[in-house]
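Participant: Got a sequence here, can you model it:
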Amino acid sequence: MSRLRVAVIGCGIGRSHITEGYLSNASLFEAAALCDLDPRRMDDLGDAFGIARRETSLDVLLADDGIDVIDICTPPSVHYEQILKSLAAGKHVVCEKPLVGSLADLDAVMAAEAEAAGRLMPIFQYRFGDGIARVKAILEAGIAGKPYVGTAETFWRRGADYYAVPWRGKWKTELGGVLMGHAIHIHDLMNYLMGPIAGVFGRVATRVNPIEVEDCVSASCLMESGALVSLTATLGNQDEISRLRLCFENVTFESDHAPYSPGAKPWTIIPANEAVAAQIDALLADWQPVAPRFETQMRLFHEAIATGGPLPVTSADARRALELVTAFYHSAETRSEVTLPIGPDHPKYRSWLPAGA
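Facilitator: Predicted structure coming up:
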C-alpha cells in the first residue's frame, strides 16, 4: 500500500501525532493537511513541519478524495460528531481519547464503524514501547501465572496555567477530570495487562483546583480473573509519575515511572525462581526493540489498513475504558459497587455527567 495521506484536525496534541507518529513513519504516512479554528496555532504547526494545506472546515477535507485518514485531536465534546461524519465520508479515522462522551455514543459509533468503508482507531499510545511489550509477551506466553493484585497510580500536577485553556475543567467540554483526561491511560494499561474489570467501588473529589470536574480519584476493583486492583490518581502531586505494579503467581512487574511514556523503558521484572527466570530469558532471547508511543501505534495502524488485519487499538478497547469511567462516576455518586459490563439499562449509559452539567 502507498503512503496514507492524513489530515490532522486540531493542532494541540496533533503536534505529537505528527512528530512521533507520522514523521517517524514517513514511508507510510504523509501529514497532508491541518485543520483548526485557531489560524495562528495552525500556522505555527504548518510552518514548523512544512504542511502547506490549512483549513478551518472539516467538511472541506471530508470532501477531498485525496485524504485517506482523518486524525481527530479536538476537544472531547466534539469527537462524536466528527467521527461519524468522517466514517460516513469513507475515511479511516484516528481519534484521541476519550473517544466519545457516553457509552450510548460509543455504541452508536461502533455500529457506524461496522457499516463503514473506513476503520476507526482510538489513541492509547501508552500501550506501546519496549518495556510494556516485553511484559505483554511474558503474559501471553502464560509464564506469569495467576494474577493476584495490582496498583495503578497517576500522580501528576496541573494548575491554573493548564486550566487557562477555556474547554478544560468543564463538564460540557472536557467531559470529566483526572479520571477522563489523565488517568485513563494507566487504567487502560491495567485492562490491557490484567484483563477486564468486573466490579468497581470508586470515589472522586475536587481538592487541587477550582474547577467543575474532579482532580483526585481512588477505587477498588475486582477483575474478572478474581484479582484485586487499586486505582489512585491526583493532579496535585509535587512531581509527576505514572506507575503500575502487578503481582502474578510467578512474576511481579513494575513499570518505569515516566509520567507520559511508562511503556518505553524496561520494566522491573521479578521472577519467582530461577526456573521462571530461565523461561523469561528464553522467550526474550531474540527480542527486537519496540519503539514507544505513537511511533509504534501508527505503524501498526498502517499495517492493519494495508493487510485488513486487526487494529492495534479498537473501539472495543475504548468502550472498556469508558465503562470504567461510567462505573467510577456512578459508584462515587451512589456510594455503591458497580458491576461491569454496563448496558443500555444503566442510569449513566447515556451520560455520566452530573445532573445539570
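Participant: make it CA atoms for all contacts and neighbour counts henceforth
Facilitator: Will do.
Participant: And the contacts of stretch 205-220?
Facilitator: Outside of stretch 205-220, the residues that reach it under the criterion C-alpha atoms under 8 Å, 6 or more residues apart in numbering are 159-160, 169-171, 176-179, 200-204, 228-236, 328.
Participant: so for the strand or helix carrying residue 243, what's the average pLDDT?
Facilitator: Using DSSP states H and E, residue 243 maps to strand 236-248. Throughout strand 236-248, pLDDT has a mean value of 98.
Participant: And stretch 66-79, by the same measure?
Facilitator: When pLDDT is averaged over stretch 66-79, the result is 97.
Participant: ok, back up a step: can you list the buried residues in the strand holding residue 243?
Facilitator: By neighbour count with 16 or more other C-alpha atoms under 10 Å, strand 236-248 contains the buried residues 236, 240-248.
Participant: After that strand, which helix or strand is next? Please name it.
Facilitator: Read in the C-terminal direction, the helix or strand following strand 236-248 is strand 251-254, with elements assigned using DSSP H and E.
Participant: now that next one, how far from the centre of its chain.
Facilitator: Using C-alpha atoms, centre = their mean, to the nearest Å, we find the averaged C-alpha position of strand 251-254 to lie 23 Å away from the chain's own average C-alpha position.
Participant: List the pairing partners of it within its sheet, with orientation.
Facilitator: The sheet places strand 251-254 alongside strand 236-248 (antiparallel), strand 268-271 (antiparallel), with pairing taken from DSSP bridges.
Participant: Which among those is found nearest to residue 51?
Facilitator: In terms of C-alpha to C-alpha, the element of the strands paired with strand 251-254 nearest to residue 51 is strand 236-248, at 33.3 Å.
Participant: Any idea what the nearest residue to residue 270 once chain neighbours are set aside is bridged to?
Facilitator: Closest residue to residue 270 apart from its sequence neighbours, by C-alpha to C-alpha, 6 or more residues apart in numbering: residue 252 at 5.1 Å. Taking DSSP bridges as the rule, residue 252 bridges to residue 247, residue 270.
Participant: Residue 252 - how many residues pack around it?
Facilitator: Counted with other C-alpha atoms under 10 Å, the burial measure for residue 252 works out to 19 neighbours.
Participant: counting contacts, what elements does the helix or strand where residue 121 lies pack onto?
Facilitator: For residue 121, the element it lies in under DSSP H and E is strand 120-122. Contacts of strand 120-122 with other secondary structure elements, assessed using 3 or more C-alpha pairs under 8 Å, 6 or more residues apart in numbering; DSSP states H and E, are made with strand 92-95, helix 315-334.
Participant: From the chain's centroid, how far away is that strand?
Facilitator: Relative to the centre of its chain, strand 120-122 is centred 10 Å away, using C-alpha atoms, centre = their mean.
Participant: Now the element after it, going C-ward?
Facilitator: In the C-terminal direction, the helix or strand that comes right after strand 120-122 (DSSP H and E) is helix 130-140.
Participant: Quickly run through the sheet partners of whichever helix or strand comes after that following helix, with directions.
Facilitator: Past helix 130-140, further along toward the C-terminus, the next helix or strand under DSSP H and E is strand 147-157. Strand 147-157 has the following strand partners under DSSP bridges: strand 228-234 (parallel), strand 236-248 (antiparallel).
Participant: Good, wrapping up.
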